[in-house]
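**Q** Have a look at this fold, sequence not included:
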(Lines give C-alpha, C1' and ligand atoms only; values in the text may rest on other atoms or scores of the structure.)
Protein backbone atom coordinates (compact mmCIF):
# COMPACT_ATOMS: atom_id res chain seq x y z
CA UNK A 1 0.00 0.00 0.00
CA UNK A 2 1.35 3.40 -0.96
CA UNK A 3 2.48 5.68 1.82
CA UNK A 4 1.89 9.42 1.77
CA UNK A 5 4.86 11.41 0.53
CA UNK A 6 6.39 14.28 2.45
CA UNK A 7 4.85 16.62 -0.10
CA UNK A 8 1.42 15.12 0.58
CA UNK A 9 1.86 15.49 4.33
CA UNK A 10 2.94 19.10 4.34
CA UNK A 11 1.92 22.29 2.63
CA UNK A 12 3.83 25.37 3.62
CA UNK A 13 4.92 23.66 6.82
CA UNK A 14 1.39 22.65 7.81
CA UNK A 15 0.31 19.04 8.21
CA UNK A 16 -2.20 18.04 5.55
CA UNK A 17 -4.98 15.77 6.80
CA UNK A 18 -6.44 12.91 4.70
CA UNK A 19 -9.61 13.66 2.76
CA UNK A 20 -11.38 10.86 4.66
CA UNK A 21 -11.55 13.01 7.80
CA UNK A 22 -13.89 15.43 6.00
CA UNK A 23 -16.58 12.80 5.43
CA UNK A 24 -19.72 12.56 7.58
CA UNK A 25 -18.54 9.24 9.05
CA UNK A 26 -14.89 8.43 9.60
CA UNK A 27 -13.44 4.97 10.20
CA UNK A 28 -10.44 4.77 12.50
CA UNK A 29 -8.18 1.73 12.76
CA UNK A 30 -7.29 1.41 16.46
CA UNK A 31 -4.45 -0.86 17.52
CA UNK A 32 -3.12 0.22 20.92
CA UNK A 33 -5.00 1.06 24.09
CA UNK A 34 -8.01 2.16 22.03
CA UNK A 35 -8.98 -1.47 21.47
CA UNK A 36 -9.56 -2.20 25.16
CA UNK A 37 -12.32 -1.90 26.04
CA UNK A 38 -14.61 0.15 23.76
CA UNK A 39 -15.94 1.96 26.83
CA UNK A 40 -12.45 3.43 27.39
CA UNK A 41 -13.24 5.93 24.66
CA UNK A 42 -15.53 7.76 27.08
CA UNK A 43 -12.36 9.05 28.77
CA UNK A 44 -11.15 10.67 25.57
CA UNK A 45 -11.77 14.23 24.47
CA UNK A 46 -11.70 17.52 26.33
CA UNK A 47 -13.19 17.82 29.81
CA UNK A 48 -16.97 18.09 29.61
CA UNK A 49 -17.09 16.84 26.01
CA UNK A 50 -18.79 13.56 26.93
CA UNK A 51 -15.88 11.48 25.69
CA UNK A 52 -15.68 9.91 22.23
CA UNK A 53 -18.87 8.19 21.04
CA UNK A 54 -18.74 5.63 18.25
CA UNK A 55 -21.34 4.00 16.00
CA UNK A 56 -19.58 0.69 15.25
CA UNK A 57 -16.68 -1.22 16.80
CA UNK A 58 -15.40 -4.44 15.19
CA UNK A 59 -12.25 -6.45 14.63
CA UNK A 60 -10.41 -5.89 11.34
CA UNK A 61 -7.05 -6.69 9.79
CA UNK A 62 -4.55 -4.49 8.02
CA UNK A 63 -2.43 -6.19 5.37
CA UNK A 64 1.15 -5.14 4.76
CA UNK A 65 1.63 -3.44 8.13
CA UNK A 66 2.94 -4.46 11.55
CA UNK A 67 2.33 -3.24 15.07
CA UNK A 68 5.31 -1.11 16.10
CA UNK A 69 6.52 0.33 19.39
CA UNK A 70 8.51 3.25 18.04
CA UNK A 71 6.71 6.27 19.53
CA UNK A 72 8.92 7.93 22.12
CA UNK A 73 6.51 8.42 25.01
CA UNK A 74 7.28 9.43 28.63
CA UNK A 75 10.32 7.56 29.96
CA UNK A 76 10.96 6.06 32.36
CA UNK A 77 7.37 5.19 33.27
CA UNK A 78 6.25 4.71 29.65
CA UNK A 79 9.27 4.18 27.36
CA UNK A 80 7.22 3.71 24.18
CA UNK A 81 3.73 3.68 22.73
CA UNK A 82 2.29 1.78 19.79
CA UNK A 83 2.20 2.76 16.15
CA UNK A 84 1.99 1.07 12.77
CA UNK A 85 4.80 0.59 10.27
CA UNK A 86 4.80 -0.94 6.77
CA UNK A 87 6.36 -4.37 6.45
CA UNK A 88 9.71 -4.44 4.66
CA UNK A 89 11.06 -7.10 2.28
CA UNK A 90 12.19 -10.10 4.30
CA UNK A 91 9.98 -9.42 7.31
CA UNK A 92 7.69 -12.36 6.51
CA UNK A 93 10.70 -14.67 6.55
CA UNK A 94 11.15 -13.86 10.22
CA UNK A 95 7.74 -14.13 11.89
CA UNK A 96 8.76 -13.23 15.40
CA UNK A 97 10.65 -10.20 14.38
CA UNK A 98 13.90 -9.02 12.98
CA UNK A 99 16.44 -9.04 15.79
CA UNK A 100 17.78 -5.81 14.35
CA UNK A 101 14.61 -3.73 14.01
CA UNK A 102 11.35 -4.82 15.53
CA UNK A 103 9.32 -7.34 17.51
CA UNK A 104 7.55 -8.94 14.54
CA UNK A 105 3.97 -8.21 15.62
CA UNK A 106 2.14 -9.50 12.53
CA UNK A 107 0.87 -12.86 11.35
CA UNK A 108 2.39 -15.22 8.79
CA UNK A 109 0.43 -13.54 5.98
CA UNK A 110 1.76 -10.09 6.79
CA UNK A 111 -1.33 -8.77 8.58
CA UNK A 112 -1.86 -6.98 11.85
CA UNK A 113 -5.19 -6.74 13.67
CA UNK A 114 -7.06 -4.02 15.50
CA UNK A 115 -10.41 -2.34 16.01
CA UNK A 116 -12.24 -0.72 13.11
CA UNK A 117 -14.16 2.13 14.75
CA UNK A 118 -16.88 4.05 12.93
CA UNK A 119 -17.36 7.58 14.23
CA UNK A 120 -19.14 10.74 13.20
CA UNK A 121 -16.71 13.41 12.01
CA UNK A 122 -16.97 15.49 15.20
CA UNK A 123 -16.34 12.42 17.35
CA UNK A 124 -13.36 11.40 15.26
CA UNK A 125 -11.87 14.87 15.71
CA UNK A 126 -12.23 14.47 19.48
CA UNK A 127 -10.24 11.24 19.22
CA UNK A 128 -7.60 12.86 17.02
CA UNK A 129 -7.16 15.77 19.43
CA UNK A 130 -6.85 13.33 22.35
CA UNK A 131 -3.90 11.76 20.50
CA UNK A 132 -2.18 15.15 20.25
CA UNK A 133 -3.76 16.28 16.99
CA UNK A 134 -4.26 19.83 18.27
CA UNK A 135 -0.53 20.27 18.98
CA UNK A 136 1.72 22.21 16.62
CA UNK A 137 4.05 19.21 16.31
CA UNK A 138 1.95 16.08 16.60
CA UNK A 139 3.26 12.74 17.86
CA UNK A 140 1.23 10.96 15.17
CA UNK A 141 0.36 11.54 11.54
CA UNK A 142 -2.94 10.45 10.01
CA UNK A 143 -2.54 7.95 7.17
CA UNK A 144 -5.17 6.30 4.99
CA UNK A 145 -5.26 2.50 5.07
CA UNK A 146 -7.54 -0.25 3.76
CA UNK A 147 -8.92 -2.58 6.43
CA UNK A 148 -10.63 -5.90 5.91
CA UNK A 149 -13.50 -6.94 8.18
CA UNK A 150 -14.37 -10.50 9.20
CA UNK A 151 -16.96 -10.61 6.40
CA UNK A 152 -14.31 -9.73 3.81
CA UNK A 153 -15.49 -6.15 3.27
CA UNK A 154 -12.67 -3.70 2.54
CA UNK A 155 -13.08 -0.30 4.21
CA UNK A 156 -10.87 2.76 3.90
CA UNK A 157 -9.90 4.09 7.32
CA UNK A 158 -7.56 6.51 9.03
CA UNK A 159 -4.79 5.17 11.23
CA UNK A 160 -2.22 6.96 13.34
CA UNK A 161 1.47 6.53 12.52
CA UNK A 162 4.37 7.97 14.51
CA UNK A 163 5.78 11.22 13.14
CA UNK A 164 9.46 11.36 12.22
CA UNK A 165 10.39 13.63 15.14
CA UNK A 166 9.00 11.23 17.76
CA UNK A 167 10.04 7.93 16.14
CA UNK A 168 12.62 5.55 17.57
CA UNK A 169 14.88 3.90 15.01
CA UNK A 170 13.86 0.49 16.33
CA UNK A 171 11.10 -0.97 18.46
CA UNK A 172 11.52 -0.16 22.15
CA UNK A 173 9.89 -2.41 24.72
CA UNK A 174 6.76 -0.81 26.21
CA UNK A 175 5.91 -0.81 29.89
CA UNK A 176 4.39 -3.97 31.31
CA UNK A 177 1.19 -1.99 32.00
CA UNK A 178 0.80 -0.90 28.36
CA UNK A 179 1.74 -4.31 26.96
CA UNK A 180 -0.85 -6.03 29.18
CA UNK A 181 -3.52 -3.54 28.11
CA UNK A 182 -2.95 -4.33 24.42
CA UNK A 183 -2.85 -8.11 24.93
CA UNK A 184 -6.05 -8.14 26.99
CA UNK A 185 -7.71 -5.79 24.54
CA UNK A 186 -6.85 -8.01 21.58
CA UNK A 187 -8.18 -11.04 23.42
CA UNK A 188 -11.40 -9.19 24.26
CA UNK A 189 -11.75 -8.02 20.66
CA UNK A 190 -11.37 -11.57 19.37
CA UNK A 191 -8.32 -11.34 17.12
CA UNK A 192 -6.91 -14.63 15.77
CA UNK A 193 -4.80 -16.73 18.14
CA UNK A 194 -1.72 -16.46 15.90
CA UNK A 195 -1.76 -12.69 16.32
CA UNK A 196 -2.36 -13.00 20.06
CA UNK A 197 0.76 -15.16 20.27
CA UNK A 198 2.69 -12.47 18.38
CA UNK A 199 1.57 -9.93 20.97
CA UNK A 200 2.65 -12.22 23.79
CA UNK A 201 6.19 -12.27 22.33
CA UNK A 202 6.56 -8.53 22.97
CA UNK A 203 9.30 -8.19 25.62
CA UNK A 204 8.18 -7.71 29.21
CA UNK A 205 9.71 -4.59 30.67
CA UNK A 206 9.13 -2.87 34.00
CA UNK A 207 11.01 0.38 33.28
CA UNK A 208 11.06 1.64 36.87
CA UNK A 209 10.48 -0.07 40.24
CA UNK A 210 6.81 -0.31 41.12
CA UNK A 211 7.20 1.77 44.29
CA UNK A 212 8.55 4.71 42.21
CA UNK A 213 5.84 4.55 39.54
CA UNK A 214 3.40 6.77 41.50
CA UNK A 215 5.89 9.64 41.33
CA UNK A 216 5.65 9.62 37.52
CA UNK A 217 2.12 8.44 36.76
CA UNK A 218 -0.30 9.41 39.50
CA UNK A 219 0.32 13.17 39.41
CA UNK A 220 -0.22 13.25 35.63
CA UNK A 221 -3.46 11.27 35.89
CA UNK A 222 -4.76 13.25 38.84
CA UNK A 223 -3.97 16.61 37.28
CA UNK A 224 -5.74 15.46 34.11
CA UNK A 225 -8.82 14.64 36.16
CA UNK A 226 -8.55 17.94 38.02
CA UNK A 227 -8.94 19.77 34.72
CA UNK A 228 -12.59 18.69 34.86
CA UNK A 229 -13.06 20.42 38.19
CA UNK A 230 -15.85 22.92 38.75
CA UNK A 231 -13.33 25.24 40.44
CA UNK A 232 -11.38 27.48 38.06
CA UNK A 233 -8.30 27.82 40.34
CA UNK A 234 -8.06 24.02 40.45
CA UNK A 235 -8.36 23.78 36.66
CA UNK A 236 -5.72 26.47 36.09
CA UNK A 237 -3.28 24.96 38.59
CA UNK A 238 -3.74 21.46 37.17
CA UNK A 239 -3.11 22.63 33.61
CA UNK A 240 0.12 24.33 34.63
CA UNK A 241 1.23 21.34 36.71
CA UNK A 242 0.68 19.05 33.72
CA UNK A 243 2.82 21.33 31.57
CA UNK A 244 5.63 21.23 34.16
CA UNK A 245 5.49 17.42 34.33
CA UNK A 246 5.47 17.13 30.54
CA UNK A 247 8.43 19.50 30.13
CA UNK A 248 10.33 17.64 32.85
CA UNK A 249 9.83 14.24 31.24
CA UNK A 250 10.57 15.57 27.75
CA UNK A 251 13.93 16.85 29.07
CA UNK A 252 14.84 13.22 29.82
CA UNK A 253 13.95 12.10 26.30
CA UNK A 254 17.38 12.29 24.55
CA UNK A 255 19.10 10.18 27.22
CA UNK A 256 16.16 7.80 27.55
CA UNK A 257 16.01 7.22 23.79
CA UNK A 258 19.76 6.54 23.67
CA UNK A 259 19.62 4.22 26.69
CA UNK A 260 16.60 2.24 25.45
CA UNK A 261 18.10 1.91 21.97
CA UNK A 262 21.37 0.57 23.39
CA UNK A 263 19.52 -1.70 25.85
CA UNK A 264 17.29 -3.15 23.13
CA UNK A 265 20.31 -3.73 20.91
CA UNK A 266 22.07 -5.52 23.76
CA UNK A 267 19.02 -7.73 24.35
CA UNK A 268 18.87 -8.63 20.66
CA UNK A 269 22.45 -9.94 21.03
CA UNK A 270 21.49 -11.95 24.09
CA UNK A 271 23.26 -9.59 26.50
CA UNK A 272 20.46 -9.26 29.04
CA UNK A 273 22.77 -8.30 31.89
CA UNK A 274 24.21 -5.42 29.87
CA UNK A 275 20.71 -4.24 28.97
CA UNK A 276 19.69 -4.30 32.64
CA UNK A 277 22.73 -2.27 33.65
CA UNK A 278 22.06 0.34 30.95
CA UNK A 279 18.43 0.73 32.03
CA UNK A 280 19.38 0.82 35.72
CA UNK A 281 21.93 3.61 35.18
CA UNK A 282 19.52 5.63 33.06
CA UNK A 283 16.62 5.21 35.49
CA UNK A 284 18.81 6.08 38.47
CA UNK A 285 19.85 9.32 36.81
CA UNK A 286 16.24 10.16 35.88
CA UNK A 287 14.97 9.45 39.40
CA UNK A 288 17.70 11.58 41.00
CA UNK A 289 16.94 14.46 38.64
CA UNK A 290 13.14 14.21 38.92
CA UNK A 291 12.53 13.59 42.64
CA UNK A 292 13.03 17.27 43.61
CA UNK A 293 10.26 18.15 41.14
CA UNK A 294 7.96 15.17 41.50
CA UNK A 295 7.74 14.97 45.30
CA UNK A 296 6.29 18.51 45.63
CA UNK A 297 3.93 17.77 42.72
CA UNK A 298 2.74 14.55 44.36
CA UNK A 299 2.00 16.47 47.57
CA UNK A 300 0.32 19.25 45.60
CA UNK A 301 -1.81 16.77 43.67
CA UNK A 302 -3.05 15.24 46.91
CA UNK A 303 -3.87 18.69 48.29
CA UNK A 304 -5.81 19.54 45.12
CA UNK A 305 -7.65 16.24 45.33
CA UNK A 306 -8.86 16.95 48.87
CA UNK A 307 -9.66 20.56 48.01
CA UNK A 308 -12.02 19.59 45.22
CA UNK A 309 -13.37 16.36 46.71
CA UNK A 310 -15.08 13.73 44.59
CA UNK A 311 -16.10 16.13 41.82
CA UNK A 312 -12.82 15.56 39.99
CA UNK A 313 -12.91 11.79 40.17
CA UNK A 314 -15.73 11.12 37.68
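**A** Received, thanks. Since the structure is predicted, the reported quantities are computational estimates derived from the model, not experimental observations.
**Q** Please enumerate the helices of the stretch 1-150 of the chain.
**A** For the stretch 1-150 of the chain, applying DSSP state H, counting those that start in this stretch gives helices covering 6-9, 121-128.
**Q** rank these by pLDDT, which is bottom?
**A** Note on the helices of the stretch 1-150 of the chain: lowest mean pLDDT is at helix 6-9, with a mean of 39.
**Q** residue ranges for the strands of this protein, please.
**A** 10-11, 14-15, 25-30, 56-63, 65-74, 78-86, 111-120, 140-149, 154-162 (DSSP state E).
**Q** want to throw the ones you listed into CSV with distance to residue 275, mean neighbour count and mean pLDDT?
**A** Where you see a C-beta, it was placed from the backbone N, CA and C, and this is true even at glycine. As requested, those are exported to CSV (distance: least, Cβ to Cβ, whole Å; neighbours: other Cβ atoms under 10 Å; pLDDT from 0 to 100):
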stretch, distance to residue 275, mean neighbour count, mean pLDDT
strand 10-11, 37, 10, 44
strand 14-15, 36, 12, 66
strand 25-30, 31, 23, 97
strand 56-63, 31, 19, 96
strand 65-74, 16, 24, 88
strand 78-86, 12, 24, 90
strand 111-120, 26, 23, 96
strand 140-149, 28, 19, 97
strand 154-162, 23, 20, 97
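**Q** Which of the ones you listed sits closest to residue 196?
**A** Evaluated over these, closeness to residue 196 peaks at strand 111-120, with 8.9 Å, by Cβ to Cβ.
**Q** Does that closest one pack against any helices or strands, and if so which?
**A** strand 25-30, strand 56-63, strand 65-74, helix 176-189, helix 193-200 (3 or more Cβ pairs under 8 Å, 6 or more residues apart in numbering; DSSP states H and E).
**Q** okay, these in TSV with distance to residue 273 next?
**A** Below are those laid out as TSV (distance: least, Cβ to Cβ, whole Å):
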stretch	distance to residue 273
strand 25-30	37
strand 56-63	37
strand 65-74	23
helix 176-189	20
helix 193-200	24
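**Q** Which one, of the ones you listed, ends up nearest to residue 136?
**A** strand 65-74 (17.0 Å).
**Q** low pLDDT regions in the stretch 201-314 of the chain?
**A** For the stretch 201-314 of the chain, the stretches with pLDDT under 70 are 205-231, 234-235, 238-239, 241-254, 256-257, 290-291, 293-314.
**Q** So which of the strands of the chain is nearest residue 263?
**A** So among the strands of the chain, strand 78-86 is nearest, using Cβ to Cβ, at 9.4 Å.
**Q** What about residue 134? Give its phi and psi, please.
**A** phi -90, psi -10 (degrees, to the nearest 10).
**Q** for the one 4 residues further on, same thing?
**A** Dihedral angles phi and psi of residue 138 (degrees, to the nearest 10) take the values phi -80, psi 150.
**Q** Read off the pLDDT value for it.
**A** Reported pLDDT for residue 138: 84.
**Q** How about it: what's its closest non-neighbour residue?
**A** What sits nearest to residue 138 in space, not counting adjacent residues and going by Cβ to Cβ, 6 or more residues apart in numbering, is residue 132, at 5.0 Å.
**Q** Does that neighbour touch residue 139 like I think?
**A** Yes - the pair residue 132 / residue 139 is scored as a contact, 4.6 Å apart, by Cβ atoms under 8 Å.
**Q** Compare neighbour counts for the two and give me the winner.
**A** For residue 132 and residue 139, the more surrounded residue by other Cβ atoms under 10 Å is residue 139, and the numbers stand at 19 against 15.
**Q** I'd like to know how far the more buried one sits from residue 119.
**A** Separation of residue 139 from residue 119 (Cβ to Cβ, to the nearest Å): 20 Å.
**Q** got it, and residue 27?
**A** Taking Cβ to Cβ as the measure, residue 27 falls 8 Å from residue 119.
**Q** Over to residue 133?
**A** Distance from residue 133 to residue 119, by Cβ to Cβ: 14 Å.
**Q** Give me the neighbour count for residue 133.
**A** Neighbours around residue 133, by other Cβ under 10 Å: 20.
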